[in-house]
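*Asks:* Could you work out the structure for the sequence below:
(one chain, ligands or ions: 1)
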Amino acid sequence: MPPSIRRREVIWGLLGLLGWSGRLAPGALASGDTEYLDLKQRISFSLSTLTEIWENRVFEAWVAARGGSDKLLKGLLLRVAEPTQDDTGLRAFCVYCPHEVCEVGLVIDSKTIRLDSGVVPEHPLIVCPCHFSAFNPLDDGVNISGPAFRGLFRFRVITRGDRIHITQVEKSALTLFN
Ligand code: FES
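*Replies:* Okay, the predicted model is just below:
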């Protein structure tokens, strides 16, 4: 196990001893205090490529890390709802599981989700194939089961005209490379 992962597990274990549940972390992140980094180049798709709920696309994005080294992140863009005035209905998450960095994927079939993660789903979830952490794409990618200590790292998505743009990523996603 890489030392960075051991370190993270020790930290989250200590927080657990103090009574702080790992599930609080994504909620805290959603409170608006999350720091985002610009992507080196924004990723764009036509809006017409994601019209149906749960349609999705995988993408890759470069981000500049401290010390001048660029990191390549893989992401999953998906439509989770119809667009409204205040919400594009689109979400984008880094596909690397915060637990041990396996690649997560969207699972539509409820029986598969139940068998893999033990969660009885009301809608598709993002599930990690390694230790079956499950993440809720309708709730900012929050972790709802399994050993992941937080939700998925998020990208910022905007729409302009008939284009979808992925412009930024949570700064803390760079901890995946520690
Ligand atoms: S790597 Fe994803 S749950 Fe362990």
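*Asks:* Could you show which parts of this structure are in contact with the ligand?
*Replies:* Taking Cβ under 6 Å from any ligand atom as the criterion, the chain approaches the ligand at residues Cys97, His99, Glu100, Cys102, Cys128, Cys130, His131, Ser133, Gly146, Pro147, Ala148. No exception for glycine: its C-beta is placed from N, CA and C like everyone else's.
*Asks:* let's go with 8 Å and repeat that
*Replies:* Within the chain, the positions near the ligand by Cβ under 8 Å from any ligand atom are 97-102, 104, 128-133, 146-148.
*Asks:* Report the buried members of those.
*Replies:* Neighbour counting by 16 or more other Cβ atoms under 10 Å classes Cys97, Pro98, His99, Glu100, Val101, Val104, Cys128, Phe132, Ser133, Gly146, Pro147, Ala148 among these as buried.
*Asks:* circling back to that earlier point, which of the residues of the chain next to the ligand lies closest to Leu176?
*Replies:* Val101 (5.8 Å; Cβ to Cβ).
*Asks:* which one is that closest one nearest to, not counting chain neighbours?
*Replies:* Leu176 (5.8 Å; Cβ to Cβ, 6 or more residues apart in numbering).
*Asks:* Can you read off the pLDDT for the nearest residue to Gly141 once chain neighbours are set aside?
*Replies:* Distances taken as Cβ to Cβ, 6+ apart place Leu152 nearest to Gly141, at 3.5 Å, with adjacent residues excluded. Note on Leu152: pLDDT of 98.
*Asks:* sec struct for Leu152, please.
*Replies:* Classification of Leu152 by DSSP: H, G, I helix; E, B strand; the rest coil places it in coil.
*Asks:* close enough to count as contact, it and Phe135?
*Replies:* Yes - judged on Cβ atoms under 8 Å, Leu152 makes contact with Phe135 at a distance of 5.1 Å.
*Asks:* which SSE is Pro98 in?
*Replies:* Using DSSP states H and E, Pro98 sits in no helix or strand.
*Asks:* ok, now which ones touch it?
*Replies:* Ser133, Asn143, Ala148, Phe149, Arg150, Gly151, Leu152, Phe153, Leu176 (Cβ atoms under 8 Å, 6 or more residues apart in numbering).
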